[in-house]
Each structure stands twice: as C-alpha cells, then as structure tokens.
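Visitor: Quick check, what structure comes out for this input:
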Amino acid sequence: MDVISGLLSEVNVEDPPDKSGEAVPSASGNCGTVVTDRVTPPRFLFPLSVTNAGEVGWQRGQPCLNRSLSYPRHYHSRVRRRPPTATTHFTPVTRPTQLSPLGTSIPLLPRTPLAIRRGPRRCIIYLEPSRSSWLYQRLTQFFRITQDKFGPSEAHQYHPHCSLSGFIPLVDGLGCDGSREKTPVPLNSGYFIQAIGDALNCLVTRTLFTGQGQALQSPRVTGLTRPAGTQDKLILDLAQTEPFRQLIQRLIQALSQTPKFASVNIRPKPVSHISLIYFNKAVPATSTLTPLQMEEAYQLAESLFFSPPTRAPLSWDIVFYEQTFQSRSLEIPHSFEELARWKLL
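Guide: Numbers count the residues shown, from 1 in each chain. From the prediction side, this is the model:
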C-alpha cells in the first residue's frame, strides 16, 4: 500500500458529491483515481479551508493556497524527459467528521518546486511562532540588537524557529519499486520531497481534525538557559512539545514502511528550545562573546520575553522548508523556500 494512501485511509472521511457534471470514478481509499489517457504523476485535491463550523472550500486542479509559490505540473527531474500533459480528475478528500478546536484553518500542501541545481537537496521541518505573534517579533528584535552590538552568531543565520527534524539530504538515485523482486527504479529528489510533504500533511491533518495522537497544543515559553559547560550559548526553553516529537516519529515510521525510503534519513530533534546565541556548530567562528557580553545578552532576552510576563495568545506553525542556499559565513544568512505551512492555533 502506498504511504500516502495508507495514511489517508485512516482518516474518517466521506467523499462529497461531484458537482462538475463529469463522471468521476470512486476513490481507492480516500485518494482519487486517475481518469486519463496518458500516465501522469498523481495530484490530490485538498480543502482550501476548514472553519469552526466545518465548512470547506474546494478547488479542482492545482491546489495551492500560498499564491507566491510556483506549482509545477510534474515533480520529475528537469534532466529527464517529462511525461506528456494529460487531464486528471480526482475524487476530493472531504472534511473530517470531528473538528479539533485548534483546527480553525489549515493550508493545503503546495507541490515541490523542481530542483534547479546539482548536488543533494536539503529539507527540514520547523516549529516556529507565527510571523504575526509577539514572540516572533521579539525574537527578531533580539537578533537585530545582538547582531548590531556583538556581531553575528550561528543563530543569526536562521529565522526564529525550533527544529522538529535535522536537515534531510536528498539525492537523485535508484530505489526499489516495492515488488517482490525489488526491481531498481530511478527516483529523483523531487519524488522524496513530494512524498515527505504529503505524508506530513496527512499526519498533521489527522492529528488536528480527528483527535488521533496527542493534541498539537501551543508550546509554552518557560525560561532562559545558558547550558552548563558552555560560555557562548543562550537558548529559550519551551514546554508542552512532546506531541511534536511524536509527530516526527510517526512520520519516520510511516515512511520506513516503504522500501523506496530506505535511503532517506530523517533525524528527530529534542524540540525543547529556540536558539538565541551559539557558535562553532556548523560554521567556524574566529571569536565568540565575552562573559560580560553574554550577561548583557541574557539581560536583554529577559527584558524582551519575561519583563513583564506576556499573557497574549501565542500561535505556532509547522513549516516544511527546502534550503536553497547554505552559507559558510556568519555574516551571510542561509536561504529557505517554504514548501508548506500548517497553522496550529
């Protein structure tokens, strides 16, 4: 059974009537069946939005809420001949029967852009405060002030986030087709990115809307820590993150059931903090902060995040990124392209 079909089959949904006037065959599981005269990669139809009242908006064709992202027709490598264009129709996945209080809205999954460079592609899954939240704005303020006063650290190469996974390197190569003979078939990195994103979308949707697994509640900011044995590291501690660790474990388990993903290594992270300052992890640093500078940075963080205590609601997103530029200098940040975003609250 396909990974995505297996995940979707566990979600208790019903197919809505087709209003296009066309004869659409019944779905296998909850995924649609292709009606086409040529072979083309599958595309799914997801709800545009789900409100508290359970109303669902639908879109047939290219499902993409984030209009700033391109949505390629195929995710085949550009160096291979693409299959001919064909019209496809899918039976849509309907709204869940039970709506979580957190599920005020959920974006559908945009497709993966084509690779435009040689070498491994690197993807990563983040938990991050919503861009409009007070925490994200104050984290951005902290990064700006500390960089101006003390110079950049490795934390300044990223936007504010808490890692759910490590970087996932993906390369073009051969995989097994899942048959008994395990016939080698060509698989490109775009295929893996697409499948990881689809599986993650199914798991997040299932957790939010059907109550399966622990609820993805908003993490709490609990304090500041300078880890023992380090003089140049400062982190913002988080609590209530166990459901997010379980989410990544379920993703790894779901993908491991398919032989094609034997070479894909997704490393789960502790999901315990947001890094504010650190050095010499991936990029060598010629100098670090003095104890006096670290104390000043600590006092700044305390005043921004805890003085006075902020009781404003805090919203979080799960975001799936592809790294488009890997910097080797602290003065130059990394670049990421957002592939999908799930709003939790």
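Visitor: can you pull out the strands in the stretch 101-250 of the chain?
Guide: 121-129, 162-163, 168-170, 173-176, 184-187, 220-225, 234-239 (DSSP state E, counting those that start in this stretch).
Visitor: Out of the ones you listed, which gets the lowest mean score?
Guide: The stretch with the lowest mean pLDDT among those is strand 173-176, which comes in at a mean of 56.
Visitor: one step back: quick one: closest of the strands of the stretch 101-250 of the chain to Leu200.
Guide: Put simply, out of the strands of the stretch 101-250 of the chain the one that sits nearest Leu200 is strand 121-129, at 6.9 Å, with distance taken as C-beta to C-beta. Quick note: C-beta positions are derived from backbone N, CA and C, even for glycine.
Visitor: show me where pLDDT drops low in the stretch 1-150 of the chain?
Guide: Within the stretch 1-150 of the chain, the ranges that satisfy pLDDT under 70 run 1-119.
Visitor: that older thread, wait, which of the strands of the stretch 101-250 of the chain is closest to Leu208?
Guide: Closest to Leu208 of the strands of the stretch 101-250 of the chain is strand 121-129 (C-beta to C-beta; 14.2 Å).
Visitor: could the strands of the stretch 101-250 of the chain go into CSV alongside distance to Gly151 and mean neighbour count?
Guide: CSV is the format used below for the strands of the stretch 101-250 of the chain (distance: least, C-beta to C-beta, whole Å; neighbours: other C-beta atoms under 10 Å):
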stretch, distance to Gly151, mean neighbour count
strand 121-129, 24, 23
strand 162-163, 23, 22
strand 168-170, 30, 20
strand 173-176, 41, 15
strand 184-187, 43, 14
strand 220-225, 20, 15
strand 234-239, 15, 19
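Visitor: Dump these into JSON lines; add distance to Leu330 as well.
Guide: Listed next are the strands of the stretch 101-250 of the chain as JSON lines, based on distance: least, C-beta to C-beta, whole Å:
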{"stretch": "strand 121-129", "distance to Leu330": "19"}
{"stretch": "strand 162-163", "distance to Leu330": "19"}
{"stretch": "strand 168-170", "distance to Leu330": "22"}
{"stretch": "strand 173-176", "distance to Leu330": "33"}
{"stretch": "strand 184-187", "distance to Leu330": "36"}
{"stretch": "strand 220-225", "distance to Leu330": "22"}
{"stretch": "strand 234-239", "distance to Leu330": "16"}
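Visitor: Nearest to Phe261 among those would be which one?
Guide: Among the strands of the stretch 101-250 of the chain, the nearest to Phe261 by C-beta to C-beta is strand 173-176 (7.9 Å).
Visitor: ok, and the closest non-adjacent residue to Leu238?
Guide: In space, and not counting its chain neighbours, Leu238 is closest to Pro219: 4.5 Å by C-beta to C-beta, 6 or more residues apart in numbering.
Visitor: which helices and strands does the host helix or strand of Ala301 pack with?
Guide: Ala301 is part of helix 291-305 when elements are defined by DSSP states H and E. Of the remaining helices and strands, those touching helix 291-305 by 3 or more C-beta pairs under 8 Å, 6 or more residues apart in numbering; DSSP states H and E are helix 134-150, strand 220-225, strand 234-239, strand 273-277.
Visitor: Can you list the strands that the last one pairs with?
Guide: Within its sheet, and counting by DSSP bridges, strand 273-277 is paired with strand 234-239 (antiparallel).
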